[in-house]
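>>> Could you work out the structure for the sequence below:
(one chain, ligands or ions: 1)
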Amino acid sequence: MKLIYAIIRNDNEDDVVSALNREKYSVTKLATTGGFLRKGNVTLMIGTDDDRVEPAIELIRRECGHRQNITVNMPYISGTSMVNYATMPMNVEVGGATIFVVNVDRFEKF
Ligand code: 2BA
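Presented below is the predicted three-dimensional model:
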């Protein structure tokens, strides 16, 4: 058995979770925050049999679409004697999904 962690954008959550449920995957949603952009995203935990991992990833890929480049204003500290907060435009890729697949040693339900 495997546990899939899929970090997706908030915008994609409904479509991905509905599609996973239709295909009989059990899903737990966690409200998470990206450490870089400090914006909300969603982490899905999906426990499933080994042979259902690839179909789940394909489904997530289909629902999340392509990555896109966006420009964000990142905060940074400027100046020496005083702390001045400013922002700096930066290009980042968003969209798609970030996926980790880990082995499950033991799985029980009571
Ligand atoms: P964030 O950490 O908010 O990152 C948002 C996007 O900013 C990333 O998109 C990436 O394009 C860019 N980015 C992240 N860290 C960067 C850095 N140190 N320097 C320059 N650009 C950076 P994604 O790669 O699609 O990641 C989307 C979200 O997935 C991330 O949100 C984070 O919550 C999670 N994530 C991605 N890779 C991860 C990893 N290796 N471990 C844990 N979480 C990860």
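>>> From the rest of the structure, what touches stretch 28-38?
For stretch 28-38, the external contacting residues (CB atoms under 8 Å, 6 or more residues apart in numbering) are 7, 13, 17, 39-46, 72, 92, 94. (C-beta placed from N, C-alpha, C; glycine too.)
>>> Buried among these? Make that a ChimeraX selection.
To isolate the buried ones among the contacts of stretch 28-38 in ChimeraX, judged by 16 or more other CB atoms under 10 Å, type:
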select :7,13,17,41,42,43,44,46
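>>> The contacts of stretch 28-38 also near the ligand: which ones?
Ile7, Lys39, Asn41, Val92, Val94 (CB under 6 Å from any ligand atom).
>>> So for stretch 69-78, what gets flagged as buried?
Buried-residue list, stretch 69-78, by 16+ other CB under 10 Å: empty.
>>> Quick one: distance of that stretch to the chain centre.
Distance of stretch 69-78 from its chain centroid, counting by CA atoms, centre = their mean, to the nearest Å, is 21 Å.
>>> CA atoms only for that stretch, dumped as PDB, please.
Output of stretch 69-78 as PDB, limited to C-alpha atoms (Å, rounded to 0.1, in the frame of the first residue of the first chain):
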ATOM      1  CA  ASN A  69       4.500  31.500 -15.000                       C
ATOM      2  CA  ILE A  70       3.200  34.300 -12.900                       C
ATOM      3  CA  THR A  71       4.800  37.400 -11.500                       C
ATOM      4  CA  VAL A  72       4.500  37.900  -7.700                       C
ATOM      5  CA  ASN A  73       5.800  40.700  -5.500                       C
ATOM      6  CA  MET A  74       8.100  39.000  -2.900                       C
ATOM      7  CA  PRO A  75       8.800  40.900   0.300                       C
ATOM      8  CA  TYR A  76      12.500  41.500   1.100                       C
ATOM      9  CA  ILE A  77      14.400  43.500   3.600                       C
ATOM     10  CA  SER A  78      16.400  46.500   2.300                       C
END
